[in-house]
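Visitor: have a look at this fold, sequence not included:
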C-alpha cells in the first residue's frame, strides 16, 4: 500500500519569506510524486511533479520541490512567499503499475502581509 | 479547467434518497476518478475507471456505485444517501499518452449535503 503524510495542518509565513510545506511518502516501487494547490471553492490544480532525474523540480508560480529518496520526502518550497500563495496544498503519490493516486490530508498555507 | 464539468455543483438531499453525480469530460481521456474531500481526511478515492465499462473500487467505495457507458461520462451514484456522505465530491481525469507521468486534472467539485 502507498501512503502520503503531510505533518503540518497549517503553515504560517510572512510575505517575502521563504516557505516550505512538508511531505513524506511510502511506496513499494519507484514513486511518482505530485503537488497540487486548491483555492476556495475550486478543484485541485497541478503545480509540479517528480518522475525521475534531477531531485530539484521546478513548477508553476515559482514553486519548486526537492525529492529526497533516503528520507522519502518531497517538500514544496518557494524562495519568497506571496499573499496570493495562501491556499490548501496537497502532496500525492502514484506508484507505477497501480492506477490509484493517493493524496495527503493537505496543508493550509497562510501568507501574512 | 481541462474540459471537465461536474453537475450539479450543489445538491441538498434527504437521507435514504438516491443521488447521481455526473462528470463530463471533453478531453477523451481514458482514466477518470471520483474522490471525496473531507476535513482531516484530504482526498479519498471512491472509484475509478480505466475505460468504458471498466471500473474499480477505491478506498471508500462502500455505499457508492459508478458507471461509465461512454468515454466522456462517469457517473457516481449514492443508492441511499446517508449523512456520512455529506462531502465535496471531485471528479478527475488523466490522459493516455504517458499515464505514469501525467497529472490528474480536476473538476470544480459538487457539494453534497445529506439532511
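Guide: In hand now; what should we look at? Since we're looking at a predicted model, the values are computed, not measured. Numbers count the residues shown, from 1 in each chain, chains lettered A, B, ... in the order given.

Visitor: neighbours around residue 10, how many?
Guide: Looking at chain A here, since you left the chain open. In terms of burial, residue A:10 registers 10 neighbours under the definition other Cβ atoms under 10 Å in any protein chain shown. All C-beta spots, glycine's among them, are computed from the backbone N, C-alpha and C.

Visitor: other chain: chain B
Guide: 10.

Visitor: can I assume it is in contact with residue B:109?
Guide: No - here residue B:10 does not reach residue B:109: they are 9.5 Å apart, not a contact under Cβ atoms under 8 Å.

Visitor: doesn't residue A:65 make contact with residue A:59?
Guide: Yes - Residue A:59 is within contact range of residue A:65, at 7.0 Å (criterion: Cβ under 8 Å).

Visitor: name the residues contacting each of these two.
Guide: Contact with both residue A:59 and residue A:65 is made by residues A:35, A:48, according to Cβ atoms under 8 Å, 6 or more residues apart in numbering or on different chains.

Visitor: out of the two, which sits in the more crowded spot?
Guide: Set residue A:59 next to residue A:65 and count neighbours by other Cβ under 10 Å: residue A:65 wins out with 26 against 18.

Visitor: and that one, bridged to which residues?
Guide: residue A:57, residue A:76 (DSSP bridges).

Visitor: I figured it was touching residue A:73, is that so?
Guide: No - counting by Cβ under 8 Å, residue A:65 does not reach residue A:73; the two are 9.5 Å apart.

Visitor: I'd like to know which elements the strand or helix carrying residue A:34 is packed against.
Guide: With secondary structure defined by DSSP states H and E, residue A:34 is part of strand A:31-38. Taking 3 or more Cβ pairs under 8 Å, 6 or more residues apart in numbering or on different chains; DSSP states H and E as the contact definition, the neighbouring helices and strands of strand A:31-38 are strand A:44-50, strand A:64-68, strand A:73-78, strand A:87-95.

Visitor: I would like the residues contacting the third one, please.
Guide: The set of residues external to strand A:73-78 that reach it, using Cβ under 8 Å, 6+ apart, is A:18-25, A:31, A:33, A:35, A:47-48, A:50, A:61-68, A:85, A:89, A:91.

Visitor: now it: buried residues?
Guide: Of the residues in strand A:73-78, those with enough neighbours to count as buried (16 or more other Cβ atoms under 10 Å in any protein chain shown) are A:73-76, A:78.

Visitor: about what we covered before: just say which of the helices and strands packed on strand A:31-38 is most tucked in.
Guide: With neighbours defined as mean count of other Cβ atoms under 10 Å in any protein chain shown, these peak in mean count at strand A:87-95, which reaches a mean of 23.

Visitor: that one near chain B at all?
Guide: Yes - counting by Cβ under 8 Å from any Cβ of the partner chain, chain B has neighbours in strand A:87-95: A:90, A:92, A:94.

Visitor: let me know the closest of those to chain B.
Guide: Comparing those against chain B with Cβ to the nearest Cβ places residue A:90 closest, at 6.4 Å.

Visitor: for the residue nearest to the closest one when sequence neighbours are not counted, grab the count of nearby residues.
Guide: Ranked by Cβ to Cβ, 6 or more residues apart in numbering or on different chains and with sequence neighbours excluded, the top spatial neighbour of residue A:90 is residue A:36, at 4.6 Å. When counting by other Cβ under 10 Å, one arrives at 24 neighbours for residue A:36.

Visitor: residue A:56 too?
Guide: Under the neighbour criterion other Cβ under 10 Å, residue A:56 is assigned a count of 11.
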